[in-house]
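Visitor: Show me the folded form of this:
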Amino acid sequence: MTKVFALNVEAAKHLGLAISAGSVLLALFVAVFVRKAIAKALVILLLGGLIVVTMSQRSNISKCASRIQTDYRSGAGTTTTCKFFGRQFAVDVPSSVPDDTNDGSVTEEPAE
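Guide: Okay, the predicted model is just below:
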């Protein structure tokens, strides 16, 4: 079992917003200070793409967190599979009553 870096849902959402806001500020900076139209357009398009990807991943995290909450509330210990940047990972959802057999760890599944 491979342990991976843990990041809670709220921190991941805030990170996504920070990346998007930084991209918007950088795009504004480029629009004002870069003189060549082609370079300006390219950088702004790349930053726009970064914003779209970041927001879609933020949405994936929210959906995954909702599934985990639903599974947890159901009371049955189960494993939920989520996707983040194209990689699938499994989250062990403990039963509502903690037991010693489920540590709630996250394991990475092999890519398909």
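Visitor: next SSE after the helix ranked longest in the chain?
Guide: As assigned by DSSP state H, the longest helix anywhere in the chain is helix 37-74. Downstream of helix 37-74, the first helix or strand assigned by DSSP states H and E is strand 78-84.
Visitor: what about whatever helix or strand comes next after that following strand, average pLDDT?
Guide: Using DSSP H and E, the helix or strand that follows strand 78-84 towards the C-terminus is strand 87-93. Strand 87-93 shows a mean pLDDT of 79 in the predicted model.
Visitor: mind listing what's buried in strand 87-93?
Guide: 89, 91-93 (16 or more other Cβ atoms under 10 Å). Bear in mind the C-beta positions are built from the backbone N, C-alpha and C, glycine included.
Visitor: Can you lay out those residues as a markdown table showing distance to Ala27?
Guide: Below are these laid out as a markdown table (distance: Cβ to Cβ, whole Å):
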| residue | distance to Ala27 |
| --- | --- |
| Phe89 | 31 |
| Val91 | 35 |
| Asp92 | 40 |
| Val93 | 39 |
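Visitor: Output the contacting helices and strands for the longest helix of the chain.
Guide: helix 9-33, strand 78-84, strand 87-93 (3 or more Cβ pairs under 8 Å, 6 or more residues apart in numbering; DSSP states H and E).
Visitor: Quick one: distance of stretch 57-64 to the chain centre.
Guide: Using Cα atoms, centre = their mean, to the nearest Å, the distance from the centre of stretch 57-64 to the centre of the chain it belongs to is 6 Å.
Visitor: quick one: buried residues of that stretch?
Guide: Quick answer for stretch 57-64 (16+ other Cβ under 10 Å): 57-58, 60-61, 64.
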